[in-house]
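In: Sequence and predicted model, in that order:
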Amino acid sequence: MHVFVTGGTGHAGSHIIPDLVAAGHEVTALARTDESAATVSALGAKARRGDLSDLAGLKAAAAESDGVIHVGYRADLLQAGGIAALGDSELSIVLAFGEALAGTGKPLVVAGSIGAPTNVGRGAPLVAPVSLGRPATEDDPALPGRPLDAGTLRARNVVETAVVGLAEQGVRSSVVRIPLIAHSTADRVGFLQILIGLAKEKGVIGYPGDGENRWPAVHIRDLASLFRLALEKGPAGKTWHAVADEGIRFREIAEAIAARLGVPAVSIPADELMVPGYFGFLSAVVTGDFPASNAITRKSLGWEPAQPGLLEDMDNGHYFPAG
């Protein structure tokens, strides 16, 4: 299969490309710069110069492919603080792909999220998630949050709904929902790194209240294999959960960081959580309790996470290097 990939130089994309290549697929990846082109070429993909603002170019690339994986985003909009514009951009991109693939039955697999907007971990502001009070399932619609602004909800809900809706236009579309913590030795700016950075800066690692709220996590290599499986055999109009650890208590995560840094893990009272408290811009989301089931994903796609879980992977030498 000839697959067009956006976001190929990011944390997820840089693992998705080699996974696809190893499975025998031909990959073309979007590259905005010469440096990005060299990176995707080194990963085994053919570089296609362009960027996500060029919808005509994206449509042409999709039409020339046998399927699309979209994990890219408009970093320029984030840097400019245009969160509403980011949501509009994401919607325009997936609709452009849908137009190019309509009536073909070809797959379109798009990154979604569990517990926060699509681009969390890549610099986007956060929303406080609305808890279901039970593990979320793949059949649940995109959950709304308590918005910091209208744009964050647009990026989170409308895009995911639009992708699923493309199934009615003859696109084998699906969404892979990614948890806040996607870990690996290549993680540079993810949520775990943010928590570790806070602990180093403040000399303690905090957790909200009793820390019983639960967070899912996934190793990036397991995430990459799920994108491939969704591309290869996922039915149209579905969402998948890229969660290996379905719900680790926040306090356990904090205590694991504390043990490795040699700092105390402490409860942060509710009145100290808000900006500019301990968690700063994370204040709106750290209290979230959003465990997620992967049962449907495993059964439907045969996905079996094979990499270390979050707590084990903290000892990979990357997050806490010796010396």
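Out: Received the coordinates, thanks.
In: residue ranges with poor pLDDT in the stretch 151-300 of the chain?
Out: 151-156, 274-275 (pLDDT under 70).
In: Okay, helices next: where are they in it?
Out: 159-165, 191-202, 220-233, 250-261, 295-301 (DSSP state H, counting those that start in this stretch).
In: Which neighbouring elements make contact with the third one?
Out: Contacts defined by 3 or more Cβ pairs under 8 Å, 6 or more residues apart in numbering; DSSP states H and E place helix 220-233 against helix 13-22, strand 67-70, strand 107-113, strand 172-178, strand 181-183, strand 238-241, helix 295-301. C-beta: built from backbone N, CA, C; applies to glycine.
In: hmm, back to that, nearest to residue 209 among the helices of the stretch 151-300 of the chain would be which one?
Out: For the helices of the stretch 151-300 of the chain, proximity to residue 209 was assessed by Cβ to Cβ; helix 250-261 is nearest, at 9.0 Å.
In: Can you pull out the residues in contact with the closest one?
Out: 181, 192, 195-196, 199-200, 204-208, 210-215, 264-265, 286, 310-311, 314-315, 319-320 (Cβ atoms under 8 Å, 6 or more residues apart in numbering).
In: which residues sit in contact with residue 31?
Out: Contacts of residue 31 (Cβ under 8 Å, 6+ apart): 8, 9, 37, 39, 40, 47, 48, 49, 50.
In: farthest pair in the residues you listed?
Out: 39 and 50 (15.1 Å).
In: So which of those two has more stuff around it?
Out: residue 39 (19 against 16; other Cβ atoms under 10 Å).
In: Provide a list of residues in contact with that one.
Out: 8, 9, 14, 31.
In: so what's the spatially most central residue of the chain closest to, chain neighbours aside?
Out: Against the mean C-alpha coordinate of the chain, by Cα atoms, centre = their mean, the closest residue is residue 178 at 4.0 Å. Distance criterion Cβ to Cβ, 6 or more residues apart in numbering; nearest residue to residue 178, sequence neighbours excluded, is residue 242 at 5.2 Å.
In: And for the one you found, the neighbour number?
Out: 31.
In: where does it sit relative to residue 228, distance-wise?
Out: 12 Å (Cβ to Cβ, to the nearest Å).
In: swap in residue 262?
Out: For residue 262, the distance to residue 228 equals 40 Å [Cβ to Cβ].
In: Show the pLDDT at residue 53.
Out: Looking at residue 53, its pLDDT reads 93.
In: what about it, which SS state?
Out: coil (DSSP: H, G, I helix; E, B strand; the rest coil).
In: Settle this for me: it is touching residue 74, isn't it.
Out: Yes - look at residue 53 against residue 74 with Cβ atoms under 8 Å: they come within range, at 7.0 Å.
In: Identify the contacts common to the two.
Out: With Cβ under 8 Å, 6+ apart, residue 53 and residue 74 have common neighbours residue 89.
In: Between its first and last residues, how far does stretch 31-51 reach?
Out: In stretch 31-51, first residue to last residue: 7 Å (Cα to Cα, to the nearest Å).
In: same question but for stretch 186-195, I mixed them up
Out: One end of stretch 186-195 to the other measures 16 Å (Cα to Cα).
In: So that it lines up with my notes, have the first residue be 49 from now on.
Out: Noted, 49 is the first residue going forward, which turns the last one into stretch 234-243.
In: So for it, what gets flagged as buried?
Out: By neighbour count on 16 or more other Cβ atoms under 10 Å, the buried set for stretch 234-243 is 235, 238, 239, 240, 241, 242, 243.
In: of these, closest to residue 146?
Out: When the buried residues of stretch 234-243 are compared against residue 146 (criterion: Cβ to Cβ), the nearest one is residue 238, at 29.1 Å.
In: how about that closest one, what does it touch?
Out: 59, 169, 229, 230, 231.
In: And stretch 93-100, how far out from the chain middle?
Out: 21 Å (Cα atoms, centre = their mean, to the nearest Å).
In: nope, stretch 70-79 is what I was after
Out: Computed by Cα atoms, centre = their mean, the chain-centroid distance of stretch 70-79 equals 20 Å.
In: Phi, psi for the residue nearest to residue 226 please.
Out: Main-chain torsions, residue 290, degrees, to the nearest 10: phi -90, psi 70.
In: thinking it is in contact with residue 228, fair?
Out: No - if you go by Cβ under 8 Å, residue 290 and residue 228 don't touch, sitting 11.5 Å apart.
In: Residue 101 and residue 122: which is more packed in?
Out: residue 122 (20 against 14).
In: Can you give me the distance of the more buried one to residue 99?
Out: Here residue 122 is placed at a distance of 8 Å from residue 99 (Cβ to Cβ).
In: quick one, what contacts the nearest residue to residue 344 once chain neighbours are set aside?
Out: Distance criterion Cβ to Cβ, 6+ apart; nearest residue to residue 344, sequence neighbours excluded, is residue 186 at 4.2 Å. Taking Cβ under 8 Å, 6+ apart as the criterion, residue 186 is in contact with 225, 286, 287, 288, 289, 341, 342, 344, 345.
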